[in-house]
Every structure is written in C-alpha cells, then in structure tokens.
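1. based on what follows, work out the 3D shape:
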Amino acid sequence: MTSRVATLVVSLRSAEFPIWNTCDGADLSPELRIRGLTDEMHSIAVFALNPFEPGCSFTTWIIWNLSPSPLIPEGIPKQGVVTTPVNAVQGTNDYGSVGWRGPCPPRGETHRYLFKVYGLDDMLDLAPGANKHDLIDAMRGHVLGFGETAAMYSR
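-> Numbering: from 1, shown residues only. Predicted coordinates:
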C-alpha cells in the first residue's frame, strides 16, 4: 500500500527577504503562508536551508509542533520552547544556535534560502534544541503533506 503526500503551497512575503529578516536588520524569522493543509494534519515542521553555505543542506532554522495554521507569524523568539506568538519547539541550527538565523551573505553575494514545510499526522516527541537529523528521524512515518518555497538576499 502506498500513501500519497499532499502538496502544500508555501509562500513568503516576497522573493527577496526584507532587511528585518536578515543580519542587517532585526534578524526576525519570516512570515510563512501555507495552503493545502488537511484535517488529518496535526502539526507542521519547517526547515530553512542555505545551500550556499558549506554542504548542500546547511540548516538555518528548524521548528516543529506548530499548529496546522495557514500562517506562521514573523518574529518567533529564539528559544527552544515557544509559547508566543505561536506554540512550537525549535532546534539547533547548523550555526549552533536555537531558532532562526537569517541571511548574511558576504558583501557582493546573493544567497537563496529554501523553506521546506511538512504537514504531520501528530505532534513530535522531540526535545527542544534537537538537530536536523533528530527531527528527520522523528518525522519518519508521519509526513502527510509537503511544500517548499525560496527567497533571496543580497548584500
């Protein structure tokens, strides 16, 4: 028996990060909009990746146990357990810190960030501060939907 993964439509405010989502501004996590969520999806997990950093899956943000809402608000605090503006759990990014770490390419370069969003059938039993490999392992067998988008930033 094969199961079909639903397509989620994920979008950001624009194709280019506003300065407040970057190291040149307040470095706030970006707002994400999601369409295609189903009643069977009980949580959302998000990976943000910068393929311009060493390795092809350099993770700059991992967050999970978000309610399946069509809007992930901007400015989620950089802490393991989040209770406002949403309830969520965040992990350790590849910079070694918890929470969002926005674009900060060298002067004269443009970097593109990829956002991968997963609709899951359950909340995950995963400790705050876990890394991307822990999250991937915890998601196995729980993915009901997937979507992605990207944005760029130049300095």
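2. neighbours of residue 123, how many?
-> 15 (other CB atoms under 10 Å). All C-beta atoms are positioned from the backbone trio N, CA, C, and that covers glycine.
3. now do residue 99
-> Residue 99 has 21 neighbouring residues, counting by other CB under 10 Å.
4. need the helices for this protein, in chain order.
-> Taking DSSP state H, the helices of the chain run over residues 132-139.
5. pLDDT below threshold where in it?
-> 1-3, 55-56 (pLDDT under 70).
6. just want the most central residue of it.
-> residue 46 (3.0 Å; CA atoms, centre = their mean).
7. so what pairs up with that residue in the strands?
-> residue 63, residue 117 (DSSP bridges).
8. list the contacts for it?
-> Taking CB atoms under 8 Å, 6 or more residues apart in numbering as the criterion, residue 46 is in contact with 32, 61-64, 66, 72, 115-118.
9. tell me the one of these nearest residue 146?
-> Within those, the smallest distance to residue 146 is 5.6 Å, found for residue 118 (CB to CB).
10. now the closest one: closest residue in space that isn't a chain neighbour?
-> residue 45 (4.6 Å; CB to CB, 6 or more residues apart in numbering).
11. wait, isn't that neighbour in contact with residue 123?
-> No. The criterion here is CB atoms under 8 Å, and residue 45 misses it with residue 123 at 10.1 Å.
12. overlap in contacts, those two.
-> Residues touching both residue 45 and residue 123 by CB under 8 Å, 6+ apart: residue 65.
13. please enumerate the strands of this protein.
-> Per DSSP state E, the chain carries strands over the ranges 6-7, 9-11, 32-35, 43-49, 59-66, 71-72, 81-82, 88-90, 110-120, 143-154.
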